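# After the sequence you'll find the predicted model.
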Amino acid sequence: MADFYQNGIITTLHNLSERTHEDLESELVEFSKSRPMSLILPSLFSELEGEALPNIIQHLKDVPYLSEIVIGLDRADEAQYRHALKFFNELPQHHRVLWNDGPRLKALDAELNELGVAPRELGKGRNVWYCMGYTLASGRAESVALHDCDILTYDRELLARLIYPVANPRFNYEFCKGYYARVADGKINGRVSRLLVTPLLRSLKRVVGYRDYIEYMDSFRYPLAGEFSFRRDVLNDIRIPSDWGLEIGVLSEMYRNYAHNRLCQVDIAKTYDHKHQDLSFGNDEGGLSKMSIDITKALFRKLATQGETFTTETFRSLKATYYRIALDFVETYHNDAVMNGLKLDIHNEEKAVEMFAENIMKAGQHFLERPMERPFIPSWNRVVSAMPDVFERLKDAVEKDNEEFLG
Ligand SMILES: O=C(O)[C@H](O)COP(=O)(O)O
């Protein structure tokens with residue numbers, strides 16, 4: 001059983017009783033009468049052939065409270081898009097598959113690009129952004145959840161717990177972030193979250209001092225979770241980063257746009273496992289190495305927008321402080337693992353810490369060389385002002401794709 005401690009400056013909603021998903025769902029069905037709900041699934045075609053997504057679909061089939069499911073499909077050719085339409089057609093809920101690489105959506109993307117408001121990089125950020133635009137265009141939902149498509153331990157209770165805080169009409173939350181223990185196969189995972197993000201935030205507290213933003217970020221128990229939920233109005237003015245800073249960037253946007261009491265986090269699962277990426281030592285362009293550089297840059301950029309100044313010396317102190325704190329964390333996690341009968345490879349953990357320490361310097365150097373770089377995709381409010389009929393056009397393109405290729 002979890003404890004009920006409130007850490008940090010964001011409300012934490014715990015899992016304190018063994019409520020069944022049926023029990024939660026019967027409430028959600030009631031809530032859906034005043035707050036219709038939808039789910040966004042950013043997916044790669046390859047995930048349709050993996051282990052996780054077919055199981056997610058089996059669970060979603062029985063979810064009784066969703067008005068819409070919006071699937072963003074990346075890296076699919078025409079035959080694969082046709083296959084995806086059949087694959088998702090098992091869902092009884094109203095659903096649409098956005099063929100991001102198809103000619104209709106690519107033509108719209110090219111026009112947005114002409115106007116300077118299209119995403120500049122391919123990837124999950126762009127996929128999520130188009131799904132958010134479609135959700136605004138379709139207007140079917142008041143409360144929206146979003147989760148990854150590689151969750152191996154998926155259960156429909158995860159979705160019920162994730163959307164509940166923004167679905168209950170008596171709650172005033174605009175945004176909710178999921179958290180869980182990433183423990184699977186006898187191991188503690190979540191290497192970037194445990195070994196980079198938390199120790200880096202703790203070292204920032206030492207090097208730059210108390211900052212409300214750092215306290216806020218450190219309040220999230222799993223800051224890199226790809227599971228969020230929000231009220232629809234959030235989607236209008238959120239700016240999504242197109243790189244690996246997506247999760248951190250979304251939290252920073254919420255910090256900028258809302259008071260702390262409109263935000264919360266919720267325990268969504270006892271365990272969680274997903275597809276693991278390589279650490280990619282020495283390769284700044286891939287795997288967890290690139291992820292760690294993007295995340296660190298996102299934190300520096302955000303602090304800079306609050307008036308923080310950085311020099312090479314700041315980054316050197318930060319690296320040294322981080323290294324010490326992160327090594328202490330390795331010992332902490334090791335002891336936690338031992339007491340729980342789990343495995344933790346100290347050598348691999350320390351190798352990861354060494355790489356992250358180097359990457360803090362690389363991210364710092366990059367920041368000093370290009371302080372004005374902004375990987376953000378414009379908010380949908382801005383896009384509407386540049387192209388007033390964008391929602392009709394997006395909706396039309398998606399409807400036509402679905403009609404033409406479903407047969
Ligand atoms: O959340 C994280 O820390 C990264 O996504 C890496 O996760 P993993 O160690 O579970 O693969």
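The structure has been received and is ready for your questions. Residues are numbered from 1 along each chain as shown.

# What residues does the protein have near the ligand?
When proximity is defined by CB under 6 Å from any ligand atom, the chain lies next to the ligand at 182, 189-193, 224, 276, 288. Using the backbone N, CA and C atoms, a C-beta is placed for each residue, glycine as well.

# can you do 5 Å?
The chain has residues 182, 189-193, 224, 276 near the ligand, with proximity defined as CB under 5 Å from any ligand atom.

# Quick one, which of these has the minimum pLDDT?
Lowest pLDDT within the residues of the chain next to the ligand is found at H276 (91).

# excluding its backbone neighbours, what's nearest that residue?
N189 (6.9 Å; CB to CB, 6 or more residues apart in numbering).

# How many residues are close by that neighbour?
17 (other CB atoms under 10 Å).

# So it sits against V183, correct?
Yes: because the distance of 7.0 Å satisfies CB atoms under 8 Å, N189 is recorded as touching V183.

# quick one on the thing from earlier: in ChimeraX, how would I select the buried members of the residues of the chain next to the ligand?
Selection command for ChimeraX covering only the buried members of those, criterion 16 or more other CB atoms under 10 Å:
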select :182,189,190,191,192,193,224
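
# Inside strands: which ones of the residues of the chain next to the ligand?
Among those, none falls in strands (DSSP state E).

# Quick check: helices, which of the residues of the chain next to the ligand are part of them?
When DSSP state H defines the helices, the subset of the residues of the chain next to the ligand inside them is 191-192.

# Could you single out the nearest of the residues of the chain next to the ligand to Y210?
Nearest to Y210, judged by CB to CB, of the residues of the chain next to the ligand is S193 at 22.6 Å.

# How about that closest one, nearest residue that isn't a chain neighbour?
L224 (4.5 Å).

# Just name the shakiest helix or strand of the protein by mean pLDDT.
Lowest by mean pLDDT, DSSP states H and E among the helices and strands of the chain is strand 240-241, with a mean of 89.

# in its sheet, what does that strand sit against?
strand 376-377 (antiparallel) (DSSP bridges).

# burial count for H347?
With other CB under 10 Å as criterion, H347 counts 8.

# Check M1 and give its pLDDT.
64.

# hang on, I meant A160
Looking at A160, the pLDDT reads 98.

# That one in helix, strand or coil?
helix (DSSP: H, G, I helix; E, B strand; the rest coil).

# surely it meets L28?
Yes: using CB under 8 Å, A160 is in contact with L28, at 6.1 Å.

# How about L115, nearest residue that isn't a chain neighbour?
Per CB to CB, 6+ apart, closest to L115 is A386, 4.5 Å.

# correction: E215
In space, E215 is closest to I9, 5.6 Å off (CB to CB, 6+ apart).

# list the contacts for that neighbour?
212, 215-216, 219, 260 (CB atoms under 8 Å, 6 or more residues apart in numbering).

# hmm, 6 Å instead?
The contact partners of I9, by CB atoms under 6 Å, 6 or more residues apart in numbering, come to 215-216, 219, 260.

# Quick check: what element follows the least confident helix or strand of the chain along the chain?
helix 246-257 (DSSP states H and E).

# which residues are contacting the helix or strand that comes right after that next one?
Once the chain leaves helix 246-257, the next helix or strand it forms, by DSSP H and E, is strand 263-269. Strand 263-269 is contacted from outside by 10-15, 158, 161-162, 165, 173, 175-180, 220, 254, using CB under 6 Å, 6+ apart.

# In helices, which of these fall?
Checking the contacts of strand 263-269 against DSSP H, those in helices are 158, 161-162, 165, 254.

# Quick one: those as a markdown table, columns for neighbour count too.
Below are those laid out as a markdown table (neighbours: other CB atoms under 10 Å):
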| residue | neighbour count |
| --- | --- |
| L158 | 23 |
| R161 | 25 |
| L162 | 24 |
| P165 | 24 |
| M254 | 22 |
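
# Dump the residues you listed into a markdown table; add distance to H83 as well.
Formatted as a markdown table, the ones in helices among the contacts of strand 263-269 follow (distance: CB to CB, whole Å):
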| residue | distance to H83 |
| --- | --- |
| L158 | 26 |
| R161 | 31 |
| L162 | 28 |
| P165 | 35 |
| M254 | 36 |
